[in-house]
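**Student:** structure for this input, please:
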Amino acid sequence: MKTVSCPRFLPSFRLFGTVLVVFFLSGHGSHSAPERIGFSFKNTSDFRGIYNVFSAFRQACLNQPVTPDLAANLVPDGYKIVTSLFHLFGEDQGGSRNALILSKTGLEEDDFAGGHPIVSLTMPGDKRPNGRCSITWKRGWDYAGEHVPKVMDDTAARLEAHTSFRLAAFLTSKPAPSFQRAERYSLYSEWATGCWGENVCRFSMLTQLDPKDGIHLMLSRKGVLRDGTQGQK
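**Tutor:** Model prediction:
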């Protein structure tokens, strides 16, 4: 079985100065009050579901840093707030509320089975003053088996372009030299985009497309650059 993957992140901080100028002029770095996440489309296993994930990532991870009250402001209709331990095991086991999950069902296994996006928020700490934030989505194919290869090929071929457009993002990992069809795909890339205040956030995207298992997409905020010369926070 052939697997296609994007090359790993190659840092090029000279590019971040250009990114900052672009996003400051375009206004993508402006801060706004947190708003409840809403999904514009049904979470179908194609670009409709992917757009929902992009939108949730922008609202949860790029519009503001993580704060203790953020989960309550973001939680979508029909979702609940649980701790990460409860989400994994069905009970808190005496855990703290340092890591919160916005979950449709309350349990990771059930969220994956239902194809619901999961929002993970980790409170700020000494090493990560802005906290951690990620969106994870798994869903089986909503298509008959004979149509799955075409959907997979189309998704893999156009994903970087849609990421750049939908998240106003700049690719910082080395782009793949050309698209090659495969029986399954494992795609990894890293990006930069304007975030709250006058910042640029780095984020990663991991995508797996499998004819049997469906689509698995994870976007994670990696750090914040305050300007083009300062390091990651």
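
**Student:** can you get me a residue count around Gly78?
**Tutor:** 9 (other Cβ atoms under 10 Å). (Each C-beta comes from the backbone N, C-alpha and C, glycine too.)

**Student:** and the one 3 residues further on, by the same measure?
**Tutor:** Per other Cβ under 10 Å, the neighbour tally for Ile81 reads 17.

**Student:** which one is it nearest to, not counting chain neighbours?
**Tutor:** Ala71 (5.0 Å; Cβ to Cβ, 6 or more residues apart in numbering).

**Student:** in whichever strand or helix holds the one you found, which residues are buried?
**Tutor:** Using DSSP states H and E, Ala71 maps to helix 70-74. Residues 70-71, 74 are the ones in helix 70-74 that count as buried (16 or more other Cβ atoms under 10 Å).

**Student:** which of those residues lies closest to Glu35?
**Tutor:** The shortest approach to Glu35 among these belongs to Leu74, at 7.7 Å (Cβ to Cβ).

**Student:** that closest one and Ala33 touch, don't they?
**Tutor:** No. Between Leu74 and Ala33 there is no contact under Cβ atoms under 8 Å: 11.1 Å.

**Student:** what is the burial count for Pro124?
**Tutor:** 15.

**Student:** next: Asp69.
**Tutor:** Number of residues near Asp69 (other Cβ under 10 Å) recorded here: 8.

**Student:** same thing with Glu109?
**Tutor:** Other residues close to Glu109 by other Cβ under 10 Å number 11.

**Student:** show me what the helix holding Ala71 is packed against.
**Tutor:** strand 99-103, strand 118-122 (3 or more Cβ pairs under 8 Å, 6 or more residues apart in numbering; DSSP states H and E).

**Student:** what's the angle between the first one and strand 118-122?
**Tutor:** Going back to what we said before, that points to strand 99-103. Angle, strand 99-103 to strand 118-122, by axes from the mean of the first three to the mean of the last three Cα atoms, to 10 degrees: 160 degrees.

**Student:** and Cys61, helix, strand or coil?
**Tutor:** Put simply, Cys61 is helix when judged by DSSP: H, G, I helix; E, B strand; the rest coil.
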